[in-house]
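Undergrad: Attaching a predicted model along with its sequence, questions to come.
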Amino acid sequence: MSESVVRVRLDLAYDGAGFVGWAVQPGLRSVQGEIETALATVLRLDERAPLTVAGRTDSGVHARGQVAHVDVPTAAFEAAPGRSERTPEEALERRLGGLLPADIVIHRASRAPDGFDARFSAIWRRYSYTVVDPGGRRDPWQRGSQLWHPRPLDVAAMDSAARRLVGEHDFLAYCKPREGATTIRTLLDFGWRRLDRTVQAEVRADAFCHSMVRSLVGACLAVGEGRWQVDRPEELLARAQRDSTVTVVPPHGLVLEEVAYPPADRLADRATVARSMRAPTVR
């Protein structure tokens, strides 16, 4: 990177209900757009500096542990404290907090280590999805982050079906493919449990393709209701083709919980590997 530019890492959270998603869309409210506008104001930039994010969440999806990076002029970054004794990182975090709306919170702003890329350096992302069935308790204060499901769910069957999908596979059956992008992913963990009178899924993978988590959840709900056999999600996965019987559940129950990165000396190597297109797995 040029000596005149500094890469800043942002650790953040947001309530996705009021956004069209992470990515900027003309005339619509997005998480990326709000933060880029605030950054331009705080750092007095002539134009907005584009953010790169670990996971581009869809409309209505929430995040507790999102990570992004932005490249900004070093002079502007170092001028952020003004006359205060704060560090540039502390000043940027505080001033962004004063400008951003209440549904976006910057937990930390830090100077990124060499080789860091919020998207490509990540080694895994972890999501949760929360459901309340008739065996649980509906909390009106949580209705914006839970799917209220009308039928009882067999959580043990759902958990069994989910665990059969772990591993490296072509997840085309559970993705909306994008031109030029692979649908091969490594699902590291996928399971279900009852917790605090809710039914919760935890899904962790090296990366996710479009609608993958919500499609996997939809397949497991079909198992939990008894409409599908436990082995059906695995059978659909093996076909490696988009299946119209897979339901994409609503977004509001989904939360990006955490993004993990390798040690600093391996960040650049990880980014290089992640950028390369993986060949289809031989079955």
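TA: On my side now, so go ahead.
Undergrad: Check which helices and strands the helix or strand containing Arg194 sits against.
TA: Secondary-structure assignment from DSSP states H and E places Arg194 in strand 184-195. Here strand 184-195 touches helix 155-163, strand 167-170, strand 198-205, helix 212-225, going by 3 or more CB pairs under 8 Å, 6 or more residues apart in numbering; DSSP states H and E. Every C-beta, even on glycine, is put in place using the N, C-alpha and C of the backbone.
Undergrad: ok, and for the shortest one, which residues are buried?
TA: Spelled out, that is strand 167-170. 169-170 (16 or more other CB atoms under 10 Å).
Undergrad: cool, the first one as well?
TA: Of the residues in helix 155-163, those with enough neighbours to count as buried (16+ other CB under 10 Å) are 155, 157-162.
Undergrad: Switch the residues you listed over to CSV; also include pLDDT and distance to Arg137.
TA: CSV is the format used below for these (pLDDT from 0 to 100; distance: CB to CB, whole Å):
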residue, pLDDT, distance to Arg137
Val155, 98, 15
Ala157, 98, 22
Met158, 98, 19
Asp159, 98, 21
Ser160, 98, 25
Ala161, 98, 25
Ala162, 98, 23
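Undergrad: which among these gets closest to Glu47?
TA: Nearest to Glu47 among the buried residues of helix 155-163 is Ala162, at 44.9 Å by CB to CB.
Undergrad: Count the neighbours of Gly144 for me.
TA: The number of residues packed near Gly144 is 13, by other CB atoms under 10 Å.
Undergrad: That one touches His252, doesn't it?
TA: Yes: between Gly144 and His252 a contact is recorded at 5.7 Å, counting by CB atoms under 8 Å.
Undergrad: now the helix or strand containing Leu267: mean pLDDT?
TA: Using DSSP H and E, Leu267 sits in helix 267-275. For helix 267-275, mean pLDDT is 90.
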